[in-house]
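A.B. asks: Let's see this in three dimensions:
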Amino acid sequence: MVQSPKLLLTLDRSSEVPLYEQVRSQIARLIASRELAAGTRLPASRDLAGRLSVNRATIASAYDGLASEGLVRSHVGQGTFVLDLAEPQRTTTPLTWSLSRAMEAASRHFLPSTPPTQHPDPVDFASLIPDEELFPIEPFRKTIDTVLRRRGKELLQYGPVAGYPPLRQFIAEKLAERNVPASAEHVLIVNGSQQGLDLLFRALVNPGDTVAVESPTYTAVLPVLAHYQAHVLGIPMTDRGMDQEALESALAHTSVRLIHTMPTFHNPTGLTMDLDTRRKLLHLASRYGVPIIEDDFDSELRFHGQALPPIKALDMEGRVLYLGTFSKGLFPGLRLGWIVAPPELVRTLSRAKMFTDYHTSLLLQAAVLEFCERGHYQEHLQNLARVNREKSGILVQAMNRHFPSEVSWTEPEGGYAFWITLPEHLSSEELLSQGAREGVLFTPGSQFFTSGEGERFLRLSISRVPADRIEEGVRRLGSLIERRVAEERGRPLQPAGEPMFHI
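C.D. replies: From the prediction side, this is the model:
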């Protein structure tokens, strides 16, 4: 094995050539010129990504391209090695799968997994998955038994593509309580809000269309838009939500097909768009003739403050397409969500859904309806609010005690996400690798931006970390940040102070 010299690669970030392709082509030339000899081990993707200030997925895509050309070969746990170009050709052609351009584009946005940690007692702030220890399993089991006894033969048969009619009616009535005008024909039941996003983008976005999203944004939005070959236009966030001045400028100079927003407990920042900004957003969308997708994935998980009306409740034109889900408030494994849209669009989306999976499980739809009507869902939401309120308070107090004064953060009114701004010159990607060794995990900010920026940000989630482990996790992270601040600035450590909001 030959250790690789430090690769001297240059990236042109203004070029239309994707960054991963720039990396791949430069390494390919070095291999062809024998500057990288056979047997040379290439740098680990994380190390090279750090050197080039790009997302790790960029390097992984470049290495995958080299492997598909037969220039390198990866060995799990050992690394990626340059192959011998003089090696005799095989007598048979190996089978290779040629992916569609759409799939390759989407793959470049798939998230790297949280780095493994050998720490005996890690604290996990990375996961936004609900804590299964809080699941009301026994009441739900009894509910399924009940609906099976009553209507098992019907519920285990094929069902309507648009969803179980009584559940559609129930959702419409609950939305009416929040001043959202809807009837059952406005509601389409889907397999989680992720399928809802896919259906909306599939039905409404053509290749090359521009879709405006918040920057940062929910990570699963980006690969879906890449799959449909859309141009993603990132609109910066302020402490009031999507920057309306930046959005207006974009709408005035660009033909925007759709606007996607998460106005309540935004992921990853945790921010809630205020009422005035919601009205301004709706006004701009109406002025420029652009539909809005309101991704209301966890507004029921409020633990502080006054609930605001959904943007859909302010919509008098049917311009807002509303997404809801039971995944964050109940069980993510149910994969049960809904779209609220004009009836004619619901019929179109139903046809698109039928091509994918025909319909969502009638049994699960009926069971969730029964669960809600018995009051179990509301009880569960109240319990989640209590738990998250406690965790939120512990986290804020711990950050005040253990984070340097140069660190700031958002304080959400609900949901699970806290958005942390690091001091200048600190990289959350570098902190993550060090944090994994020291037993504290989080999500680096670069995963939530369209082009891998966001080095100074990270997301802490209170979803799965036990309340009695939050303090220790923050202490570990704060100590790590303090050391990095001292190393960067070459001055003595300063005592922690009150944080200032910054995003």
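
A.B. asks: going forward, measure contacts between C-alpha atoms and count neighbours the same way
C.D. replies: Noted.

A.B. asks: residue nearest the centroid of the chain?
C.D. replies: Nearest to the centroid of the C-alpha atoms of the chain, with distances taken as C-alpha atoms, centre = their mean, sits residue 219, at 2.7 Å.

A.B. asks: Surely that residue touches residue 448?
C.D. replies: Yes: with contact defined as C-alpha atoms under 8 Å, residue 219 reaches residue 448; the gap is 5.3 Å.

A.B. asks: Now the residue nearest to the centre of the chain: phi and psi?
C.D. replies: The phi/psi pair for residue 219 (degrees, to the nearest 10) reads phi -60, psi -30.

A.B. asks: Look up the closest residue to residue 437, ignoring the ones flanking it.
C.D. replies: Leaving aside its chain neighbours, residue 437 sits nearest to residue 117 (5.8 Å; criterion: C-alpha to C-alpha, 6 or more residues apart in numbering).

A.B. asks: One more: residue 363?
C.D. replies: Nearest non-adjacent residue to residue 363, counting by C-alpha to C-alpha, 6+ apart: residue 155, 5.0 Å away.

A.B. asks: Tell me where the model's unsure across the stretch 351-500 of the chain.
C.D. replies: Applying pLDDT under 70 to the stretch 351-500 of the chain flags residues 452, 490-500.

A.B. asks: any idea whether the residue nearest to residue 437 is helix, strand or coil?
C.D. replies: Secondary structure state of residue 117, per DSSP: H, G, I helix; E, B strand; the rest coil, is coil.

A.B. asks: Checking residue 189 next. Helix, strand or coil?
C.D. replies: Using three-state DSSP, the three-state assignment for residue 189 comes out as strand.

A.B. asks: in which helix or strand would I find the nearest residue to it once chain neighbours are set aside?
C.D. replies: The shortest distance from residue 189 to any non-neighbouring residue, by C-alpha to C-alpha, 6+ apart, is to residue 338 (4.4 Å). Using DSSP states H and E, residue 338 maps to strand 337-340.

A.B. asks: what lines up beside that strand in the sheet?
C.D. replies: Looking at strand 337-340 with DSSP bridges, its partner strands are strand 187-190 (antiparallel), strand 320-325 (antiparallel).

A.B. asks: what does it contact?
C.D. replies: 182, 186-193, 196, 321-327, 346 (C-alpha atoms under 8 Å, 6 or more residues apart in numbering).

A.B. asks: just stretch 241-261 next, same as before
C.D. replies: Contacts for stretch 241-261 (C-alpha under 8 Å, 6+ apart): 205, 209-214, 235-237, 263, 271-274, 277, 280-281, 284, 288, 290-295.

A.B. asks: Please enumerate the helices of the stretch 151-300 of the chain.
C.D. replies: With DSSP state H, counting those that start in this stretch as the criterion, the stretch 151-300 of the chain has helices at 165-176, 192-204, 221-227, 244-253, 275-288.

A.B. asks: what's the most buried one of these?
C.D. replies: helix 221-227 (a mean of 22; mean count of other C-alpha atoms under 10 Å).

A.B. asks: ok, residue 446 to residue 84 distance?
C.D. replies: 36 Å (C-alpha to C-alpha, to the nearest Å).

A.B. asks: same deal with residue 49?
C.D. replies: Distance check for residue 49 against residue 84: by C-alpha to C-alpha, it reads 25 Å.

A.B. asks: Partner strands of the longest strand seen in the chain, with direction?
C.D. replies: Longest among the strand segments of the chain by residue count, using DSSP state E, is strand 231-238. Its sheet considered, strand 231-238 pairs with strand 210-215 (parallel), strand 241-242 (antiparallel) by DSSP bridges.

A.B. asks: So which bits of that strand are buried?
C.D. replies: Using 16 or more other C-alpha atoms under 10 Å as the test for burial, strand 231-238 gives 231-237.

A.B. asks: export the helices of the stretch 151-300 of the chain to CSV and tack on distance to residue 107 and mean pLDDT?
C.D. replies: Shown next, in CSV, are these (distance: least, C-alpha to C-alpha, whole Å; pLDDT from 0 to 100):
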stretch, distance to residue 107, mean pLDDT
helix 165-176, 34, 96
helix 192-204, 15, 95
helix 221-227, 7, 93
helix 244-253, 27, 97
helix 275-288, 31, 97
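
A.B. asks: For residue 74, which three-state class applies?
C.D. replies: At residue 74, secondary structure determined by three-state DSSP is strand.

A.B. asks: okay, now residue 355: neighbour count?
C.D. replies: 9 (other C-alpha atoms under 10 Å).

A.B. asks: next one: residue 74
C.D. replies: Neighbour tally, residue 74, other C-alpha under 10 Å: 15.

A.B. asks: That one: what's its closest spatial neighbour, skipping adjacent residues?
C.D. replies: Distance criterion C-alpha to C-alpha, 6+ apart; nearest residue to residue 74, sequence neighbours excluded, is residue 80 at 4.1 Å.

A.B. asks: What does the one you found show for phi and psi?
C.D. replies: phi -110, psi 130.

A.B. asks: mind giving me the domain ranges of this structure?
C.D. replies: According to automatic domain parsing, the chain comprises the domains 2-98, 123-134+379-489, 137-374.

A.B. asks: The residue nearest to residue 437: neighbouring residues, count only.
C.D. replies: Other residues close to residue 117 by other C-alpha under 10 Å number 17.

A.B. asks: ditto for residue 306
C.D. replies: Residue 306: 8 neighbours (other C-alpha under 10 Å).

A.B. asks: just the one 4 residues further on next, same as before
C.D. replies: A count of nearby residues for residue 310, using other C-alpha under 10 Å, gives 23.

A.B. asks: if I look at it, how far off is residue 320?
C.D. replies: For residue 310, the distance to residue 320 (C-alpha to C-alpha) stands at 10 Å.

A.B. asks: what's the answer for residue 270, then?
C.D. replies: Residue 270 is 22 Å from residue 320, by C-alpha to C-alpha.

A.B. asks: cool, and residue 266?
C.D. replies: From residue 266 to residue 320 the distance is 17 Å (C-alpha to C-alpha).

A.B. asks: okay, those two: which has more neighbours?
C.D. replies: Neighbour count, other C-alpha under 10 Å: between residue 266 and residue 320, residue 266 has more, with 28 against 25.

A.B. asks: Quick one: residues in contact with stretch 99-111.
C.D. replies: The contact list for stretch 99-111 (C-alpha under 8 Å, 6+ apart) reads 57-58, 61, 219, 222-229, 447.

A.B. asks: Closest one to residue 441 out of the residues you listed, please.
C.D. replies: Using C-alpha to C-alpha, residue 447 is the member of the contacts of stretch 99-111 that sits closest to residue 441, with 14.4 Å.

A.B. asks: Look up phi and psi at the closest one.
C.D. replies: Main-chain torsions, residue 447, degrees, to the nearest 10: phi -70, psi -10.
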